[in-house]
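Peer 1: sequence and predicted structure, then a few things I'm wondering about:
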Amino acid sequence: MNIFVLMKRTFDTEEKIAIQNGQINEDGAEFIINPYDEYAIEEAITVRDQHGGEVTVVSVGNEEGEKQLRTALAMGADKAVLINTEDDVENGDQFTTAKILSEYLKGKEVDLVIAGNVAIDGGSGQVGPRVADQLDIPFITTITKLDIDGDKVTVVRDVEGDSEVIETSLPLLVTAQQGLNEPRYPSLPGIMKAKKKPLEELEIDDLDLDEDDVEAKTKTIEIYLPPKKEAGKVLEGELTDQVSELVQLLRNEAKVV
């Protein structure tokens, strides 16, 4: 079984992020594998171990993404591919990424593609479905369980606090939701093996694409941090006094009543 994982290198949102001139300042920022993509990598490895085949992790970005791809290889993936767009794409968006990934996959025998449900830096959840659309294969999002029996696939997906069971067939693209599995940590032997596993680097020219083919459909005007929250007030005294004070605060300061 040929299994492909779509992986994104993202900011670690648990670290402090600095904004400069309306853009995220990457100097000193920490980068990680998008957490939802970790679920995708883990599930791909599990499926391979159960059914045989090969796991290839594919990422679009700059050469710095090699570190995260090596981590995926250390987790247990077989191969990695970095499509370096640093010199060819100045401002890409979800369309750009999906177009590049789908062009790469069109030349492959694809049985299963697994992506993260969303990226924690953008949160649009568009890339996986866009890739499936361009490959003309079915897709199911926000999955929490995946069972494969030959070409038959049974999926459980998260739907607003409930679950939905879907039966479909391969080839298929799914996006991983929290709860699908528990991603493993790379072991020391895995890290050592990852250094010898193949990591291919391509550019969009290698996919017979040019800059016009992947031109972004959207434009980011500005990025800004949310406003700082003011300290809350603790009301004291008798309950009736607290209610009276609360009403005054809501009317005069919050201006909501």
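Peer 2: Sure thing, it's come through.

Peer 1: for Leu250, report the pLDDT, please.
Peer 2: According to the prediction, Leu250 has pLDDT 88.

Peer 1: what does Gly22 give?
Peer 2: So Gly22 comes in at 69 (pLDDT).

Peer 1: show residues contacting stretch 239-250.
Peer 2: The contact list for stretch 239-250 (C-beta atoms under 8 Å, 6 or more residues apart in numbering) reads Lys233, Leu235, Glu236, Gly237, Val256, Val257. All C-beta atoms are positioned from the backbone trio N, CA, C, and that covers glycine.

Peer 1: now do 10 Å
Peer 2: Outside stretch 239-250, the residues within contact range by C-beta atoms under 10 Å, 6 or more residues apart in numbering are Lys233, Val234, Leu235, Glu236, Gly237, Glu238, Ala254, Val256, Val257.

Peer 1: can you give me the first-to-last residue distance of stretch 109-129?
Peer 2: One end of stretch 109-129 sits 19 Å from the other (C-alpha to C-alpha, to the nearest Å).

Peer 1: any idea how far it is from the chain center?
Peer 2: Centroid displacement of stretch 109-129 relative to its chain, using C-alpha atoms, centre = their mean, to the nearest Å, is 6 Å.

Peer 1: rewinding a little: quick one: which of the contacts of stretch 239-250 has the most company?
Peer 2: For the contacts of stretch 239-250, the largest number of neighbours (other C-beta atoms under 10 Å) sits with Leu235, at 12 neighbours.

Peer 1: list the contacts of that residue.
Peer 2: Taking C-beta under 10 Å, 6+ apart, we find Leu235 in contact with Asp241, Gln242, Val243, Ser244, Glu245, Leu246, Leu249.

Peer 1: same check on Thr71?
Peer 2: 7, 32-33, 38, 41, 57, 77, 80, 185-186, 190-191, 194.

Peer 1: pLDDT wise, what is it at?
Peer 2: 96.

Peer 1: which is the next helix or strand following the helix or strand where it lies?
Peer 2: For Thr71, the host element (DSSP states H and E) is helix 66-75. Past helix 66-75, further along toward the C-terminus, the next helix or strand under DSSP H and E is strand 79-84.

Peer 1: quick one: strands adjacent to that next one?
Peer 2: Partners of strand 79-84 in the sheet, by DSSP bridges, are strand 54-61 (parallel), strand 199-202 (parallel).

Peer 1: quick check: angle from the longest one to helix 66-75?
Peer 2: Taking axes from the mean of the first three to the mean of the last three C-alpha atoms, to 10 degrees, strand 54-61 and helix 66-75 form an angle of 160 degrees between their directions.

Peer 1: how far away from the center of its chain is strand 54-61?
Peer 2: 12 Å.

Peer 1: pLDDT weak spots in the stretch 101-250 of the chain?
Peer 2: Applying pLDDT under 70 to the stretch 101-250 of the chain flags no residue at all.
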